[in-house]
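# dropping a prediction and its sequence here:
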Amino acid sequence: MNIETITNLFFIFLLIVGVISFFVGVGFMRIFKNYKTGFLALFGLSFLLNVILFEWYQSALLEIAIGTIPIVFTHLFAIVLYFIYLIISWFVLRRINKQNLLTNSG
């Protein structure tokens, strides 16, 4: 594999981690009826999976080429995307929770 393939796989796996974590967060939110609990579950799972993914990416890239600049840029970009993902997830979970509370109470 080359560097571009590994980087593309990294971002595909990052997307998969985001989707899985979001649905786990929604599940916890519906079980406990609190969007903060859902967000904490989302944050915990996504953080753990991202750490594992970062380790995989770094080891896979170092097997092919010895270069830290692509690793640093990719990690920085992924971290920025992660913070954007967390902010969006917070508001989406809050909105879903409010809609569930309105439909269940009426």
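Alright, I've got the coordinates. Numbering: from 1, shown residues only.
# longest helix in the chain, please.
helix 69-105 (DSSP state H).
# pLDDT (mean, whole number) over that one?
Across helix 69-105, pLDDT averages out at 89.
# how about stretch 29-46?
94.
# now that stretch - C-alpha only, PDB.
Output of stretch 29-46 as PDB, limited to C-alpha atoms (Å, rounded to 0.1, in the frame of the first residue of the first chain):
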ATOM      1  CA  MET A  29     -29.700   9.000  25.300                       C
ATOM      2  CA  ARG A  30     -32.900   7.100  24.600                       C
ATOM      3  CA  ILE A  31     -32.300   4.600  27.400                       C
ATOM      4  CA  PHE A  32     -31.400   7.300  30.100                       C
ATOM      5  CA  LYS A  33     -33.600  10.100  28.600                       C
ATOM      6  CA  ASN A  34     -30.800  12.600  29.000                       C
ATOM      7  CA  TYR A  35     -28.800  14.000  26.100                       C
ATOM      8  CA  LYS A  36     -25.800  14.600  28.400                       C
ATOM      9  CA  THR A  37     -25.500  10.900  29.100                       C
ATOM     10  CA  GLY A  38     -25.700  10.100  25.400                       C
ATOM     11  CA  PHE A  39     -23.000  12.700  24.700                       C
ATOM     12  CA  LEU A  40     -20.700  11.300  27.300                       C
ATOM     13  CA  ALA A  41     -21.200   7.800  25.800                       C
ATOM     14  CA  LEU A  42     -20.500   9.200  22.400                       C
ATOM     15  CA  PHE A  43     -17.500  11.100  23.500                       C
ATOM     16  CA  GLY A  44     -16.000   8.100  25.500                       C
ATOM     17  CA  LEU A  45     -16.400   5.600  22.700                       C
ATOM     18  CA  SER A  46     -15.300   8.000  19.900                       C
END
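# if I pick Gly44, what's in contact with it?
Not one residue lies near Gly44 by CB atoms under 8 Å, 6 or more residues apart in numbering. C-beta: built from backbone N, CA, C; applies to glycine.
# quick one, phi psi at it?
phi -60, psi -50 (degrees, to the nearest 10).
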